[in-house]
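Novice: Give me a model of this one.
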Amino acid sequence: EDLNFLINNLCDNKQENIQYLHKAILYKYLNINDVLVPAVVFYWPWWSGKWTFIRLLSKIFWKENTQEWLWQQDLESSFSSYVWWKIIVEFREINTWNKFNDKKMLDKIKWFVWESRINVRQLYQNPREVDNIAWFIMSSNHSVPIQLDSADSWNRRFTIIKTWTWIWISEGKRINAVVWDSEKIRDYIAWLK
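Specialist: Numbers count the residues shown, from 1 in each chain. Predicted coordinates:
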């Protein structure tokens, strides 16, 4: 019940988005290495459960397979903060409100999303090509979370979901307790199947 509340709130109570999100989680769970899962971009009010959703994914896919808190600076740098071989990768607040910079960031994100092989360059190392298996989750509290291409170019790499409202602290504590409960996470995965 609490996880359903979280997902419903994240999806603005829109059944199409709710079903999509449950199906996307299950698909990635059953197809870990498949990169052809569109990045999910959550936007709108703070305290709507975006951070808790990442905690849920890190519990489902294990913490060591999740990379959190990447942001603008990680996309602007010539060195890779994104550590490949992660199943879940989260970017937060990547819109700079500068169309030129935002276009560069969008292009860099597009180099990651849906690409089975990517180039990474870590500090003091030569660039190299590596396997990419990540499902990217992005979030923002702003009305424009990412500067997408024009509607004519289809933006097939992204699923944009507007969240609903902020979650009360008491509800948030209850939901987080469920997220950290391994047995309830197993029940949720079984329910998805």
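Novice: Low-confidence ranges, the protein, go.
Specialist: Residue ranges of the chain with pLDDT under 70: 145, 147, 149-154.
Novice: Am I right that Glu129 falls within a strand?
Specialist: Yes: according to DSSP: H, G, I helix; E, B strand; the rest coil, Glu129 belongs to a strand.
Novice: List the beta-bridge partners for it.
Specialist: Assessed by DSSP bridges, Glu129 has beta-bridge partners Asn119.
Novice: With Ile161 instead?
Specialist: Ile161 forms beta bridges with Phe42, as assigned by DSSP bridges.
Novice: Would you mind confirming that it makes contact with Asn9?
Specialist: No: Ile161 is beyond contact range of Asn9, at 11.0 Å (criterion: Cβ atoms under 8 Å). Yep, even glycine has a C-beta here, placed from its N, CA and C like the rest.
Novice: and the spatially most central residue of the chain, which of the three is it?
Specialist: Centroid check for the chain by Cα atoms, centre = their mean gives Ile137 as the closest residue, at 1.0 Å. Under the three-state scheme (three-state DSSP), Ile137 adopts strand.
Novice: From Gln122, how far off is it?
Specialist: 23 Å (Cβ to Cβ, to the nearest Å).
Novice: do Leu3 as well
Specialist: Distance from Leu3 to Gln122, by Cβ to Cβ: 36 Å.
Novice: try Asn31
Specialist: Remark: distance between Asn31 and Gln122 (Cβ to Cβ) = 28 Å.
Novice: ok, back up a step: ok, now which ones touch the residue nearest to the centre of the chain?
Specialist: By Cβ atoms under 8 Å, 6 or more residues apart in numbering, the contact set of Ile137 is Ala39, Val40, Phe42, Phe53, Ile54, Leu57, Ile88, Val89, Glu90, Phe91.
Novice: Surely the fourth one is in contact with Leu3?
Specialist: No: under the criterion of Cβ under 8 Å, Phe53 is not in contact with Leu3, lying 9.8 Å apart.
Novice: which of the residues in the helix or strand harbouring Glu16 are buried?
Specialist: Here Glu16 sits within helix 15-30, counting by DSSP states H and E. Neighbour counts over helix 15-30 (16 or more other Cβ atoms under 10 Å) mark Asn17, Ile18, Tyr20, Leu21, His22, Ala24, Ile25, Lys28 as buried.
Novice: ok, the fourth one touching Ile161?
Specialist: Right, the one you point to is Leu21. Yes: taking contacts as Cβ under 8 Å, Leu21 lies within contact range of Ile161: 7.3 Å.
Novice: Find residues that contact each of those two.
Specialist: Both Leu21 and Ile161 are contacted by Leu10, Cys11, Val40, under the criterion Cβ under 8 Å, 6+ apart.
Novice: And the second one, how far from Gln125?
Specialist: Distance check for Cys11 against Gln125: by Cβ to Cβ, it reads 40 Å.
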